[in-house]
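Asks: Kindly return the folded structure for what I paste below:
(one chain, ligands or ions: 1)
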Amino acid sequence: MTEDDLIAAAREAAENSYSPYSDFAVGSALLFADGSVVTGTNIENASYGLALCAETVAISKAMADGARGGLEAVAVTGPLDKGGGAPITPCGRCRQVLNELAQLGGTDPLILCVGAEETRRVKLSELLPHAFGPASLD
Ligand code: THU
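Replies: This is a model prediction of the structure:
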């Protein structure tokens, strides 16, 4: 699985986005140490504030199937014609949700933030420094 493959999986997931209110389709793909990939897309609601982000949906799918670690990389894609084509970075809540699984498994996943001109490659710890997580409760 190359980085381009992971980005392609996120793009494919975005095809199932339910985002009639924002018209902003997001896709996310999680790569695990065993090579498996879990995808998610954003799911909005007529009660706007209840929208679920693509990354949160992907993490929820993975954890509901038993994942408790091994998160190595995450690709996030969005519309390339919005936001000036800038790379899309996970929202604050999603950073925290991603951190839960990352910290559980002791990994610092690479986040591939896809934009029109470039893909920004950052570690989760750069997006969420000094994170509060499960270890904080020990
Ligand atoms: N969205 C995501 O899915 N992930 C993010 O990290 C940022 C925002 C979604 C939420 C909403 O459905 C739409 O993008 C516009 O905010």
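Asks: my guess is residue 72 is in a helix, correct?
Replies: No. Under DSSP: H, G, I helix; E, B strand; the rest coil, residue 72 falls outside any helix and is assigned strand.
Asks: where does the protein dip in pLDDT?
Replies: Judged against pLDDT under 70, the chain has no low-scoring part.
Asks: Residues of the protein that sit close to the ligand?
Replies: The chain comes close to the ligand at residues 19, 22, 24, 26, 42, 44, 51, 53-55, 90-91, 94, as judged by Cβ under 6 Å from any ligand atom. No exception for glycine: its C-beta is placed from N, CA and C like everyone else's.
Asks: hmm, 5 Å instead?
Replies: Applying the criterion Cβ under 5 Å from any ligand atom, the portion of the chain that neighbours the ligand consists of 19, 22, 24, 26, 42, 44, 51, 53, 54, 90, 91, 94.
Asks: Identify the farthest-apart pair in these.
Replies: Farthest-apart pair in the residues of the chain next to the ligand is 44 and 90; separation 16.9 Å (Cβ to Cβ).
Asks: Which one's more surrounded, the two?
Replies: Using other Cβ atoms under 10 Å as the criterion, residue 44 and residue 90 rank with residue 90 on top: 24 against 19.
Asks: Helix, strand, or coil at the more buried one?
Replies: coil.
Asks: What strand or helix carries the most centrally placed residue in the chain?
Replies: If you average the C-alpha coordinates of the chain and look for the closest C-alpha using Cα atoms, centre = their mean, you land on residue 55, 3.2 Å from that point. Assignment of secondary structure by DSSP states H and E places residue 55 within helix 54-64.
Asks: Good, we can wrap up now.
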